[in-house]
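In: return atomic coordinates for the entry below.
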Amino acid sequence: MEANIAQLNEKAKEEQAQLLKEHDKVLNQRLQEQEKLVQEGFQGRADELQQEIDSLRKEKEEAASPSFVDLAIDTAILAAPGYYKAIPITAKVGKYLWNKFF
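Out: Just a heads-up that it's a prediction; the model follows:
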């Protein structure tokens, strides 16, 4: 069970790193597009892109930081005695699967 949890944690970290990489790529593309529009005199569209860029930055920050639920489950895993550790571990696996497929 612990090996499976370790594998799930590693996979989650890999997916988070990939997500951050994709966010960086999209963010850089939007910044380049915005710069080009400003140079060509399309300030209105550049302002819209700035809002999109700000939104992408916020999403990136949210993806990089652990959620309150994750922190609570991790704390419960550490605090739970013996077989009761299975309850928060099951919750964490369930949360991971929910985020992956829904």
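
In: what's around residue 16, how many residues?
Out: Residue 16 has 13 neighbouring residues, counting by other CB atoms under 10 Å. No exception for glycine: its C-beta is placed from N, CA and C like everyone else's.

In: give me the number of residues near the closest residue to it other than its chain neighbours?
Out: Spatial nearest neighbour of residue 16, chain neighbours left out: residue 63 (6.4 Å); criterion: CB to CB, 6 or more residues apart in numbering. Look at residue 63: counted by other CB under 10 Å, it has 14 neighbours.

In: and residue 63, how far from residue 30?
Out: Distance, residue 63 to residue 30, using CB to CB, to the nearest Å: 16 Å.

In: hang on, the earlier thing: the residue nearest to residue 16 contacts residue 17, correct?
Out: No - counting by CB atoms under 8 Å, residue 17 is not a contact partner of residue 63; they are 10.0 Å apart.

In: just the C-alphas of stretch 44-60, formatted as PDB.
Out: Extracted in PDB, the C-alpha atoms of stretch 44-60 (Å, rounded to 0.1, in the frame of the first residue of the first chain):
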ATOM      1  CA  GLY A  44      -7.400  47.000 -27.000                       C
ATOM      2  CA  ARG A  45      -6.500  43.500 -28.000                       C
ATOM      3  CA  ALA A  46      -3.300  43.800 -26.000                       C
ATOM      4  CA  ASP A  47      -5.300  44.700 -22.900                       C
ATOM      5  CA  GLU A  48      -7.500  41.600 -23.400                       C
ATOM      6  CA  LEU A  49      -4.300  39.500 -23.600                       C
ATOM      7  CA  GLN A  50      -3.000  41.100 -20.400                       C
ATOM      8  CA  GLN A  51      -6.100  39.900 -18.600                       C
ATOM      9  CA  GLU A  52      -5.600  36.400 -20.000                       C
ATOM     10  CA  ILE A  53      -1.900  36.500 -19.000                       C
ATOM     11  CA  ASP A  54      -2.800  37.500 -15.500                       C
ATOM     12  CA  SER A  55      -5.300  34.700 -15.300                       C
ATOM     13  CA  LEU A  56      -2.700  32.200 -16.500                       C
ATOM     14  CA  ARG A  57      -0.200  33.400 -13.900                       C
ATOM     15  CA  LYS A  58      -2.900  32.900 -11.200                       C
ATOM     16  CA  GLU A  59      -3.600  29.400 -12.400                       C
ATOM     17  CA  LYS A  60       0.100  28.600 -12.400                       C
END
